[in-house]
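>>> Here is a sequence with its predicted model. Questions after.
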Amino acid sequence: MHNVAMFTIHFSNKFQALRDHLLEATASPSASTFSPTEIIVPSAAIQRKIELSMAEQFGICANVRFSYLGQWVWQQLGKIWPVPSVSPFAPETLAWRILKILDNRTFVLAHSRLRSWMASADPVMRYELAMEIASLVDQVITYRPNLIEAWSSNKHICIPGGTRTSGQDQQWQAELWRRILHETGSDRHLSAMAKKLESLDDKAIAPLRQNGITHIFCPPTIAPLTINMLNRFSQWMDLRLYVLNPCREYWFDIVDRKRLSYLASAGKADHHETGNQLLASWGKQTQAMIDLLFDNTALTCQEEHSFTSNAEGGKTSLLAQVQDAILDLQDLPPSGITVDQNDRSIEVHVCHSLTRELEVLQDQLLALFAGENPPLPDEVLVVTPNLKDAAPLIDAVFGTASPARSIPYTITGLGNTQSNPVALALLDLLSLAASRFTASAVFKLLQQPLVSQRFQLNEAQLMDIHRWITESGIRWGMDGAHRREMQLPDDARYTFRDGLHRLFLGYALPAACTMPFASRLPAGDIEGTDAIILGRFQQFVSQLDILRQTLHRERNASEWRSCLLDLLETFTAPHGNQLDEAHEVQTRIRELCENIQQGAGDYPISRDVILRALREALDDPARGGVPTGTVTFTSMSSLRNLPYRIICAIGINDRAFPTTQAASEFDLIAHAPKRGDRQRRHDERNIFLDLLLAAQDRFYLSYTGRSIRDNSEMPPSVLISDFLDYLTPAIGEAARKRLVLEHPLQAFSTRYYQQGIDTRMNSSNETFLQALLLRQATHAQYRNTAPLNETASALDDDSDDEGNENEAGAANAFVSPFFTAPLPAPEATWRMITLDQLLQFFSNPSRYLLRQRMGIRFSEAQDELADEEPFLPDYDERRALSNRLLPLFLKGLPFDHIRQAALSGTEYPPGIVGEALLEKELRAMEMFASQIQEANAAPCLSPQTCTLSFTINEETWELTHRFNDLRPTGLLRYRFDDVRARDYLEGWITHLFLNAAELHETSSPIARETLWHSRDGKYVLHPVPDAYAQLHALISLYRQGLCEPLHFYPRSSWEYISSHHNPYKAEARWRGGRSEMSGEARDPNYRQALRAMTNPLDDAFKHCAQTVFGTMLDALSDERMG
């Protein structure tokens, strides 16, 4: 038997009390075993919380149907009238109908306001306008039913407070509304059906009597129209509304102080009061909703109240007193609160960046978990206004922590484009289809695991493909035709088709082929099973080309659905958990296309519009985040009203929250707002109030309050300022200052480890502590003083009076020497070396030590793929060309053949400028080759192998070299490039060996000279009488360099010697001058081996430079050196 229908409203200031009422109400079985319990929730977070609570209370959560209020109301109306499953007036459907209407030239030209907006709008801009209009129409239906009624009757309503253009805006919106009604052929919109509810007879509403009890739990706001409909429904079904009310007093006439001052000046303040300032300023949204419930004279309801103060539970913290003051509609008593030194219930942390805010938060949470009565991780909530930007920083700080500092955490409420790899791959595909198909973008897509799995490519194979793209000269574009479509010359060079041709030639032709085939030079040196990898890469590129050619045309909803689903099938291969993510993306695609179909029928949609719409559909935040079993990071509103012991709001910066987004200029509701309207500024302030009230033990705030550049002060959100201003009269200025903690720029600041400072600032990072202690001990050793034992004084060296680290101190905070003592002497096998090994050593002694002796090899950073074809050749391209063509010149091939070989490559750009530069380069190379050929006129002698023995520290060392190109005139060396320090180094050490070796001479003596040709000239090294002694010194340095870093850096050393021992020029070469990237100091091998070295250009450096290069100038003839 059906219970007597009624409307019951439960009020409480505690979420737990409302939850307990709900659990009690749902404990008894429903009227029918097959009828689920209806619970209406505002968010996925509250749904999850209720599910977990019911499972904990009853052992299982079953036979419960959750829905959202708007969705549930539409379902009830569907029981009375035939309506589609989704309202045709829902914004996500209505937007497509409006987009179709906006494409009607007659309609647009009839309205000057629309005509001016649409004049320069592209398809995406028109779609954005349609979405905005659809949202406004939905708001008008819900909050201004009188406007809808007037428009439907071809009437207009005067809007108070409207602007000069409000009349024009209402005119085109009214006409648009009538067109929507005409196209839908229905008045089945919410405001019309709400009016019809008034006159329904018992027969019509019979289906509603079959409902059991419906529970509406914790809505943050309810529109006046919906309240009226709920009241009507309550005459035929049981409705129970659970409302969070922060105040047990009647507070619906209170206003904030600014509003009260305005009313007083207007003589209207007699019936208003401020009550509690925070409630009056921040609680306007909740105030309006509850006031509408009480003010609705047609509403017949039963009220139940359950209010509990913190004082009743024995809580006396500052946070508890603030919450109780709100509950009792009172302000805090002036000078009436003494904040205990251990009261940390409210804190504001000031940092230099969001990253620092997260680092500070990590330290604070670790201290909480290590303290008395620690919270569980799932009792901590962290919210931030911009979760999308914060998410990677959260992972960088919390996701990389050491095991000792690890905190379990979850980021919830992110859009699918950030958290769903299938969605990311699909959006990247669609974006790529509208692009130039640059090499980097194509490879980035191929690197995505879902895509590489689909084409059966592993990480090593992807690196091969990366190298092939570079070597084949691929920059952008599919082919010449693609470039022609973009209004550019249809030259196919640097496109994917041209690059693939070169790679296939590299497989088909012999290795190191230097001559062109079909006007193309082979690339890649592909052989064996690498051909399979190349085939898969070619298949991927071919599918992209098909995508490019097919996606450019417009499609209707059905065609887009098939196309998008086919794209997922063609380019992705999800497995495991990715199957669920793929299913979610497929569902969103189908929902989007169904909305388009319902709203616009077969209206054609462009690629750019579908991309924008799909991105928004995938990132739809309607469901929001959910509570997790860990520390939860989410947006400001996702977990609204859920209680947590610790609530932390980070990134609460000026203008970040509340946001400053202005209403649309044609928003008629914003011109004349009414009580109960959704207003962003009220909504966001109420969210902040809800967070304050939901915090049980601690309300933690942080913001970026100092510039990371110059440490200048930056203001917080107005909400933080207002909150501190509210507290100050009650707690005093000194206590207010104590609530605010300013943190230093760096996480390794000495301030975190000093004794006698605020213990709330202490850090538990042992790694930083040990590094700082080591630094202090090292500095003490340099000063010949013993390090202090106590941390308090030991860490005070590098802080200024304000506690900010000096630049040098901060830079060296973690620097400890990599070598604290030399390695043991090398074994006997190391004492037999070749000249090539000696040359390799002196080219970079630190690299040689790390690689050969210690097995440490730094992986070379992979060069980024170039996306632009060269307009001028760079150094690497010129070097590649000379390496390829100089041997052809030396072989005596005809110039025209070599020119064709040059044009077949990708080193030089096409066009007049590129061809002119190439011709100049070829002529220079031809002249250089003729000089080499002339110097090589004398025939080479028979190869000779020579070995020199040296005694160093009573050890015998042997140096061996085989001369294969020795001539009676001596040695000839060359490199088609301007002479560099490495050319002098290689030539000099080889020349010393030539002069020290006992060569087998036949009929004529061998000149002990070395001739080195460079592009910009040549140098000659004359005989050196004491060559053996100098080699002995070099072998001694070699032995030393096998045990510890040798202070020899070829470029800096040559600069020092060639500039007549000028230390400033040596330092400029070491540091790189204005371009630090060019300095030798940037080499990772030097940086590692010389770590903590304060002056690498010390006396040891001067000694090494003199030992290696010192006597070279006496034997050197070089016109370039003056």
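The structure has been received and is ready for your questions. Numbers count the residues shown, from 1 in each chain.
>>> who touches stretch 1025-1034?
Under the criterion Cβ atoms under 8 Å, 6 or more residues apart in numbering, residues 838, 842, 948, 950, 952, 959, 989, 991-996, 1024, 1107-1108, 1111 lie in contact with stretch 1025-1034. Just so you know, the C-beta spots here come from the backbone N, C-alpha and C atoms, and that holds for glycine as well.
>>> Would you mind giving me the ChimeraX syntax to select the buried ones in the residues you listed?
Isolation of the buried members of the contacts of stretch 1025-1034 (16 or more other Cβ atoms under 10 Å) is achieved in ChimeraX through the command below:
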select :838,842,948,950,959,989,991,992,993,994,995,996,1024,1107,1108,1111
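>>> Can you flag which of the contacts of stretch 1025-1034 belong to helices?
For the contacts of stretch 1025-1034, membership in helices holds for Leu838, Phe842, Ile989, His991, Leu992, Phe993, Leu994, Asn995, Ala996, Thr1107, Val1108, with DSSP state H as the criterion.
>>> Which stretches in the stretch 151-300 of the chain count as helices?
Taking DSSP state H, counting those that start in this stretch as the test, the helices found in the stretch 151-300 of the chain are 166-184, 190-197, 224-233, 257-265, 277-282, 284-295.
>>> just the stretch 1001-1122 of the chain next, same as before
1027-1041, 1050-1058, 1063-1071, 1084-1089, 1099-1109, 1112-1115.
>>> Glu198: which of those helices is closest?
Counting by Cβ to Cβ, Glu198 lies closest to helix 1084-1089 out of the helices of the stretch 1001-1122 of the chain; the figure is 78.6 Å.
>>> In CSV, could you pull the C-alpha coordinates for that closest one?
The C-alpha coordinates for helix 1084-1089 follow below in CSV (Å, rounded to 0.1, in the frame of the first residue of the first chain):
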residue,chain,number,x,y,z
PRO,A,1084,78.6,16.2,-18.9
ASN,A,1085,81.8,14.2,-18.4
TYR,A,1086,83.6,17.2,-17.1
ARG,A,1087,80.7,18.2,-15.0
GLN,A,1088,80.6,14.8,-13.4
ALA,A,1089,84.3,14.1,-12.9
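>>> What separation is there between Ala192 and Ile141?
Ala192 is 9 Å from Ile141, where distance means Cβ to Cβ, to the nearest Å.
>>> Pull up the overlap in contacts between those two.
Taking Cβ under 8 Å, 6+ apart as the contact criterion, the residues that touch both Ala192 and Ile141 are Ile148.
>>> Look at the two and report which has more neighbours.
Legend: neighbour count by other Cβ atoms under 10 Å for Ala192 and Ile141, higher for Ile141 (22 against 17).
>>> what about the helix or strand containing that one, average pLDDT?
Take DSSP states H and E as the rule and Ile141 turns out to sit in helix 123-143. Taken as a whole, helix 123-143 has a mean pLDDT of 93.
>>> Could you tell me the angle between it and helix 224-233?
50 degrees (axes from the mean of the first three to the mean of the last three Cα atoms, to 10 degrees).
>>> Buried residues in helix 123-143, which are they?
Going by neighbour count (16+ other Cβ under 10 Å), the buried part of helix 123-143 is 123, 126-143.
>>> Helices of the stretch 701-850 of the chain, start to end?
Secondary structure of the stretch 701-850 of the chain (DSSP H, counting those that start in this stretch): helices at 718-731, 733-739, 766-782, 791-794, 807-811, 835-843, 845-848.
>>> how about the first one: buried residues?
Same thing as helix 718-731. Taking 16+ other Cβ under 10 Å as the neighbour-count basis, helix 718-731 is seen to contain the buried residues Leu719, Ile720, Asp722, Phe723, Leu724, Tyr726, Leu727, Thr728, Pro729, Ala730, Ile731.
>>> pLDDT score for the closest residue to the fifth one other than its chain neighbours?
When the adjacent residues along the chain are set aside, Leu724 lies closest to Arg736, with 5.8 Å between them (Cβ to Cβ, 6 or more residues apart in numbering). At Arg736, the predicted lDDT confidence score is 94.
>>> now swap in Leu774 and tell me
Note on Leu774: pLDDT of 72.
>>> For it, give me its contacts.
Counting by Cβ under 8 Å, 6+ apart, Leu774 makes contact with Ser816.
>>> Phe748 versus that one, what's the distance?
As for Leu774, its distance to Phe748 is 12 Å (criterion: Cβ to Cβ).
>>> Okay, and Lys49 sits in which element?
Lys49 is part of helix 44-58 when elements are defined by DSSP H and E.
>>> Could you name the helices and strands sitting against that helix?
Counting contacts by 3 or more Cβ pairs under 8 Å, 6 or more residues apart in numbering; DSSP states H and E, helix 44-58 packs against helix 15-27, strand 64-67.
>>> Leu432: which of the ones you listed is closest?
Counting by Cβ to Cβ, Leu432 lies closest to strand 64-67 out of the helices and strands packed on helix 44-58; the figure is 38.9 Å.
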